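Participant: predicted model and sequence below, questions to follow.
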Amino acid sequence: MAFFRGLTAVSRLRSRMAQEATTLGGVRWLQMQSASDLDLKSQLRELIPEQQDRLKKLKSEHGKVQLGNITVDMVLGGMRGIIGMLWETSLVDPEEGIRFRGLSIPECRKVLPTAVEGGEPLPEGLLWLLLTGKVPTKDQVDALSKELLARSTVPAHVYKVIDALPVTAHPMTQFTAGIMALQVESEFQKAYGNGLPKSKLWEPTYEDCLNLIARLPPVASYVYRRIFKDGKSIEADDSLDYAANLSHMLGFDDPRMLELMRLHVTIHADHEGGNISSHTGHLVGSALSDPYLSFASSVNGLAGPLHGLANQEALLWLKSIIQETGSDVTTDQLKDYVWKTLKSGKVVHGFGHGVLRRTDPRYLCQREFALKYLPEDPLFQLLSKLYEVVPPILTELGKVKNPWPNVDAHSGLLLNHFGLSETRYHTVLFGVSRSMGVGSQLIWDRALGLPLERPKSVTMEWLENYCKNKAA
Ligand SMILES: CC(=O)SCCNC(=O)CCNC(=O)[C@H](O)C(C)(C)COP(=O)(O)OP(=O)(O)OC[C@H]1O[C@@H](n2cnc3c(N)ncnc32)[C@H](O)[C@@H]1OP(=O)(O)O
Ligand SMILES: O=C([O-])CC(=O)C(=O)O
């Protein structure tokens with residue numbers, strides 16, 4: 001173990017030297033780095049034993065420490081507030097929002113490598129951060145871009161499976177079918193079948209997750225072009241990074257759209273473990289279902305309108321307001337529209353959250369992007385007005401715990417602005433991004449040997465009896 005710790009220390013030093021050298025000039029940096037500095041799997045191989053020891057120590061020294069009391073409300077209320085899962089890649093603070101390995105979104109936008117100076121982070125950098133807990137250098141990010149590109153070939157049968165569905169099937173249905181078809185190539189399933197010991201299962205998990213992440217852009221763009229562009233697909237451009245290539249394969253090459261896609265994929269990647277898509281992937285993975293099976297489950301959860309599909313619903317709602325009232329809508333007309341929505345029994349999509357209690361920082365950074373690139377966009381201006389109108393109304397209902405907007409209020413209108421106006425497609429892009437968070441944690445789930453997930457459930461009768469006995 002000391003050997004591994006030593007290796008990690010050497011690697012950290014090398015990485016620091018490399019980073020310093022980068023600031024002095026690329027040549028020195030290139031001379032100093034070794035092949036393993038640029039290889040994500042080698043970095044993980046060094047990190048894993050340290051983290052396994054850490055978990056063992058946590059269990060043996062603090063295993064019996066209590067983390068709170070479970071109330072009947074919590075059991076009946078969707079397990080809100082119950083700490084019940086280990087999730088290493090990110091943590092959500094109700095007030096501040098998401099931190100990826102300790103870094104907030106504004107911090108990530110400052111420190112993660114970008115494609116253009118002062119631009120949006122490259123999602124490959126976020127993936128590196130999620131997996132290793134370290135901010136990568138630009139060279140590490142470029143190496144990972146190349147690795148993902150090299151893994152991105154999609155077997156022909158995947159497209160046949162998608163083509164077997166009616167073209168009218170929802171894009172999320174076609175996307176999940178594609179993911180299930182990718183599963184045929186699972187390294188994990190083969191390795192498990194061949195008896196690979198538990199301690200080594202993270203390695204085929206890594207292979208599957210990286211392949212999955214790499215293959216989602218061609219699958220996602222195939223679905224888009226099949227449904228909306230007469231099936232005329234576009235080849236990948238080997239010179240582009242992950243998100244730019246996704247945008248290119250969808251058919252959008254405007255440099256501002258490439259930047260948007262980098263931001264979009266970065267900010268949607270992870271949101272701690274309890275959200276529906278992440279939790280589902282983790283739960284299914286705990287049965288040692290392979291990463292494709294696990295992630296297909298995530299995407300099915302994401303397709304629900306209270307979760308990822310809310311971005312579709314939020315944009316449709318914005319468009320419906322303009323359709324009904326025109327773009328010069330007054331505050332009073334907006335108030336009436338919000339009340340009409342609520343009184344018809346609907347929720348206001350894009351507002352509220354299961355955990356957040358302030359405006360989602362992912363909303364705020366998308367707003368910053370809009371102010372920079374599309375301040376005059378009518379849907380953006382409408383959303384800005386709704387920011388004033390919706391929260392007081394939701395508060396007036398007296399039951400909504402968070403009246404502020406979430407990520408889904410904003411993402412659709414940005415894509416729409418650059419021509420990706422097919423609202424029903426938008427959640428697929430959320431899904432591409434979420435593969436990075438779910439995949440990273442799945443690798444750590446197997447590296448740490450996390451157990452089968454199986455919380456206890458009870459019946460109403462059980463609860464009634466328990467409460468009666470407690471009162472007696
Ligand atoms: C990426 C993401 O998944 S972000 C979330 C995306 N989803 C949406 O934007 C959909 C709209 N928002 C909502 O429906 C909710 O706020 C959720 C699903 C996100 C969170 O749900 P909860 O944790 O149950 O929220 P909360 O505890 O505040 O709910 C209390 C009540 O307020 C209602 N409420 C919460 N948010 C809203 C809203 N935006 N519009 C109308 N009613 C709302 C709930 O439906 C619930 O009503 P009920 O008691 O009659 O069932
Ligand atoms: O955290 C949640 O419950 C939902 C969410 O914002 C996400 O998954 O991105």
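Facilitator: Perfect, I can see it now. Ligands and ions are numbered 1, 2, ... in the order given.
Participant: off-centre distance for the helix or strand containing Leu144?
Facilitator: Assigned by DSSP states H and E, Leu144 belongs to helix 138-150. Offset of helix 138-150 from its chain centre (Cα atoms, centre = their mean, to the nearest Å): 19 Å.
Participant: same question for stretch 105-119: list its buried residues.
Facilitator: Within stretch 105-119, the residues scored as buried using 16 or more other Cβ atoms under 10 Å are Ile105, Cys108, Arg109, Leu112, Pro113, Thr114, Ala115. C-beta: built from backbone N, CA, C; applies to glycine.
Participant: what about the helices in the stretch 101-250 of the chain?
Facilitator: Taking DSSP state H, counting those that start in this stretch to define them, one finds helices in the stretch 101-250 of the chain at 105-111, 123-132, 138-150, 156-163, 171-182, 187-193, 202-228, 242-250.
Participant: adding distance to His264 and mean pLDDT, write these out as TSV.
Facilitator: Converted to TSV, the helices of the stretch 101-250 of the chain look like this (distance: least, Cβ to Cβ, whole Å; pLDDT from 0 to 100):
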stretch	distance to His264	mean pLDDT
helix 105-111	12	98
helix 123-132	9	98
helix 138-150	17	98
helix 156-163	22	98
helix 171-182	16	98
helix 187-193	28	98
helix 202-228	12	98
helix 242-250	7	98
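Participant: the ones you listed: which one's closest to Asn402?
Facilitator: helix 105-111 (17.7 Å; Cβ to Cβ).
Participant: which other helices and strands contact that closest one?
Facilitator: strand 97-100, helix 361-373 (3 or more Cβ pairs under 8 Å, 6 or more residues apart in numbering; DSSP states H and E).
Participant: what residues does it touch?
Facilitator: In this structure, residues lying in contact with helix 105-111 by Cβ atoms under 8 Å, 6 or more residues apart in numbering are 97-98, 100, 103, 120-121, 126, 129, 135, 266-267, 361-362, 364-365.
Participant: those residues also near ligand 1: which ones?
Facilitator: By Cβ under 6 Å from any ligand atom, no member of these lies near ligand 1.
Participant: from the buried residues of stretch 105-119, which single one is nearest Gly308?
Facilitator: Distances from Gly308 to the buried residues of stretch 105-119, taken by Cβ to Cβ, are shortest for Ile105, at 18.1 Å.
Participant: report the separation between that closest one and Lys138.
Facilitator: The gap separating Ile105 from Lys138 is 20 Å, by Cβ to Cβ, to the nearest Å.
Participant: for Gln381, same thing?
Facilitator: Gln381 is 36 Å from Lys138, by Cβ to Cβ.
Participant: for ligand 1, what are the nearby residues on this protein?
Facilitator: So the chain meets ligand 1 at 306-308, 310, 342, 347-354, 394, 399-402, 406-408 (Cβ under 6 Å from any ligand atom).
Participant: hmm, which of those residues are the buried ones?
Facilitator: Buried among those (16+ other Cβ under 10 Å): 307-308, 310, 342, 348-354, 394, 400, 402, 406-408.
Participant: out of those residues, list just those in helices.
Facilitator: The helices, defined by DSSP state H, take in Ala310, Leu342, Leu394, Val407, Asp408 from these.
Participant: show the contacting residues for the second one.
Facilitator: Right, Leu342. By Cβ under 8 Å, 6+ apart, the neighbours of Leu342 are Val348, Ile393, Leu397.
Participant: closest one to ligand 2 out of those residues, please.
Facilitator: Closest approach between those and ligand 2, by Cβ to the nearest ligand atom: Val348, at 15.5 Å.
Participant: unless I'm mixing things up, that closest one is touching Lys340, no?
Facilitator: No. The criterion here is Cβ atoms under 8 Å, and Val348 misses it with Lys340 at 10.9 Å.
Participant: now the helix holding Leu144 against helix 123-132, angle please.
Facilitator: Angle between the axes of helix 138-150 and helix 123-132 is 100 degrees (criterion: axes from the mean of the first three to the mean of the last three Cα atoms, to 10 degrees).
Participant: quick one: contacts of helix 138-150?
Facilitator: 18, 22, 29-30, 33, 37-40, 112-113, 122, 124-125, 127-128, 136, 210, 213-214, 236, 238, 241-242, 245.
Participant: before we move on, what about stretch 297-307?
Facilitator: 170, 172-173, 175-176, 179, 275-281, 283-284, 308-309, 312-313, 347, 349, 427, 430-431, 434-435, 438.
Participant: cool, and stretch 443-460?
Facilitator: By Cβ under 8 Å, 6+ apart, stretch 443-460 touches 44, 48, 51-52, 55, 75, 84-86, 88-89, 131, 198-199, 201-202, 205-206, 209, 282-283, 285-287, 466.
Participant: give me the buried entries from the residues you listed.
Facilitator: Buried by 16+ other Cβ under 10 Å: 44, 48, 52, 55, 85, 88-89, 131, 201-202, 205-206, 209, 282-283, 285-286, out of the contacts of stretch 443-460.
Participant: restrict those residues to those near ligand 2?
Facilitator: Okay, of the buried ones among the contacts of stretch 443-460, nothing touches ligand 2 (Cβ under 6 Å from any ligand atom).
Participant: give the contact list for the residue in the chain positioned nearest to ligand 1.
Facilitator: Across the chain, no residue is closer to ligand 1 than Gly352, which sits at 2.2 Å (Cβ to the nearest ligand atom). Residues near Gly352 by Cβ under 8 Å, 6+ apart: Leu394, Val400, Lys401, Asn402, Pro403, Trp404, Asn406.
Participant: ok, so of these, who is nearest ligand 2?
Facilitator: Among these, and counting by Cβ to the nearest ligand atom, the member closest to ligand 2 is Asn406, at 5.9 Å.
Participant: could you check how far the residue lying closest to that closest one once chain neighbours are set aside is from Gly419?
Facilitator: Leaving aside its sequence neighbours, Asn406 sits nearest to Asp360 (Cβ to Cβ, 6 or more residues apart in numbering; 4.4 Å). Per Cβ to Cβ, Asp360 is found 25 Å from Gly419.
Participant: the more surrounded of those two?
Facilitator: More crowded of Asp360 and Gly419, by other Cβ atoms under 10 Å: Asp360, with 26 against 12.
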